[in-house]
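Enquirer: sequence first, then the predicted structure, then my questions.
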Amino acid sequence: MNKQLAIQPTVVRTSRGLSIAGTRITLYDVMDYVRAGEPPATIQKWLKLTDHQIAAAMSYIEQHRTEVETEYDQVLKEAEENRRYWEERNREHFEARASVPPTPEQAAIRAKIAAHKKKLGLL
């Protein structure tokens with residue numbers, strides 16, 4: 001194995017925040033599962049991480065728990081503020097769209113979906 005590869009960190013800071021090197025997965029993605037009480041094996045499976053990546057991410061989280069938790073809480077706060085902003089900005093648009101009756105094609109698709117849900121016992 002190349003010695004240079006062996007010493008490269010697995011957790012790096014990118015423009016997205018603390019991330020797993022070579023992926024688009026942030027430690028905040030991992031923290032969603034950690035806070036939900038999921039075991040590392042489940043997190044690894046869902047995020048498609050290698051054994052090394054999940055071990056390094058969990059180790060980093062444990063060693064820097066306060067920093068990671070603080071940043072994660074900030075990410076959640078900003079995401080909620082962003083959601084509220086766009087919800088408010090688009091409120092009138094969504095209300096106007098809701099008052100427009102569906103086209104015949106849309107009505108047919110909705111009827112098919114409703115029938116399928118009924119068949120599955122979801123309605």
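Expert: Now that the structure is in, tell me what you want to look at. Numbers count the residues shown, from 1 in each chain.
Enquirer: going forward, measure contacts and count neighbours with C-alpha atoms only.
Expert: Noted.
Enquirer: could you measure from the residue sitting furthest away from the middle of the chain over to R110?
Expert: In the chain, counting by CA atoms, centre = their mean, P104 sits farthest out from the average C-alpha position, at 35.3 Å. Separation of P104 from R110 (CA to CA, to the nearest Å) stands at 10 Å.
Enquirer: need the helix or strand of the chain with the lowest average pLDDT.
Expert: helix 3-7 (a mean of 53; mean pLDDT, DSSP states H and E).
Enquirer: so how far is L27 from E62?
Expert: Distance, E62 to L27, by CA to CA: 12 Å.
Enquirer: what's the answer for P104, then?
Expert: Taken as CA to CA, the span from P104 to L27 is 46 Å.
Enquirer: got it, and K77?
Expert: 16 Å.
Enquirer: tell me which of those two has more neighbours.
Expert: Neighbour comparison, K77 and L27: the larger count goes to L27, with 25 against 12 (by other CA atoms under 10 Å).
Enquirer: go ahead and confirm the more buried one touches A57.
Expert: Yes. Here L27 reaches A57: they are 7.0 Å apart, a contact under CA atoms under 8 Å.
Enquirer: intersection of neighbour lists for these two?
Expert: Counting by CA atoms under 8 Å, 6 or more residues apart in numbering, the common neighbours of L27 and A57 are I20.
Enquirer: contact partners for Y60?
Expert: Y60 makes contacts with V11, as judged by CA under 8 Å, 6+ apart.
Enquirer: which stretch of helix or strand covers it?
Expert: helix 51-63 (DSSP states H and E).
Enquirer: buried residues, that helix. List them.
Expert: 53-58, 61 (16 or more other CA atoms under 10 Å).
Enquirer: the first helix or strand past that helix going along the chain vs helix 51-63, what angle?
Expert: Using DSSP H and E, the helix or strand that follows helix 51-63 in sequence is helix 65-89. Using axes from the mean of the first three to the mean of the last three CA atoms, to 10 degrees, the direction of helix 65-89 lies 100 degrees away from that of helix 51-63.
Enquirer: distance from helix 65-89 to the middle of the chain?
Expert: Taking CA atoms, centre = their mean, to the nearest Å, one finds the center of helix 65-89 at 12 Å from the center of the full chain.
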